[in-house]
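J.: with the input below, show me the fold.
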Amino acid sequence: MLNPVQKTMLQDDFEKFLKALQQKGSNLDFSLFGIYAGSILNFYVGSAVIAIEDKKEAALHLCSLFNSGLGNVISKADLKEMAEAISQDTTIDYSVIQPVFGL
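T.: This is a model prediction of the structure:
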């Protein structure tokens with residue numbers, strides 16, 4: 001189970017990512033969100049910041065943040081499906097998560 005510090009970290013990092021996109025004049029779409037979410041979660045699991053058994057919950061938290069930014073138009077069932085797909089991804093695209101770490 002994610003603790004409040006981990007949830008805050010995920011939200012703060014997602015906000016950093018969104019800010020970096022805005023500064024570049026880029027938009028966030030479903031594809032880029034999936035790449036970001038999978039990459040950041042895999043990075044944190046690999047770094048032992050988030051336990052592997054909490055990855056799906058963390059994915060759902062990120063999906064909920066994404067949905068909130070869209071005005072909550074994604075159904076709960078679809079959010080769960082998105083989180084499941086993200087939690088099964090094992091790739092990391094460092095170029096996408098670089099802005100989170102100020103690189």
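J.: distance between the host helix or strand of S87 and the chain's centre?
T.: Following DSSP states H and E, one finds S87 within helix 76-88. Relative to its chain's centre, helix 76-88 lies at 12 Å (C-alpha atoms, centre = their mean, to the nearest Å).
J.: swap in stretch 65-80?
T.: On the basis of C-alpha atoms, centre = their mean, stretch 65-80 sits 13 Å off its chain's mean C-alpha point.
J.: stretch 28-45 too?
T.: Using C-alpha atoms, centre = their mean, the offset of stretch 28-45 from its chain centre is 5 Å.
J.: output it as PDB, restricted to C-alpha atoms.
T.: C-alpha atoms of stretch 28-45 as PDB (Å, rounded to 0.1, in the frame of the first residue of the first chain):
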ATOM      1  CA  LEU A  28       0.200  15.500 -22.900                       C
ATOM      2  CA  ASP A  29      -1.800  12.800 -24.700                       C
ATOM      3  CA  PHE A  30      -2.700   9.300 -23.800                       C
ATOM      4  CA  SER A  31       0.400   7.800 -25.400                       C
ATOM      5  CA  LEU A  32       2.900  10.100 -23.800                       C
ATOM      6  CA  PHE A  33       1.100   9.700 -20.400                       C
ATOM      7  CA  GLY A  34       1.500   5.900 -20.700                       C
ATOM      8  CA  ILE A  35       5.200   6.200 -21.500                       C
ATOM      9  CA  TYR A  36       5.700   8.600 -18.600                       C
ATOM     10  CA  ALA A  37       3.700   6.600 -16.100                       C
ATOM     11  CA  GLY A  38       5.400   3.300 -17.000                       C
ATOM     12  CA  SER A  39       8.800   4.800 -17.000                       C
ATOM     13  CA  ILE A  40       8.500   6.700 -13.700                       C
ATOM     14  CA  LEU A  41       7.000   3.700 -12.000                       C
ATOM     15  CA  ASN A  42       9.600   1.300 -13.300                       C
ATOM     16  CA  PHE A  43      12.400   3.700 -12.300                       C
ATOM     17  CA  TYR A  44      10.900   3.900  -8.700                       C
ATOM     18  CA  VAL A  45      10.400   0.200  -8.400                       C
END
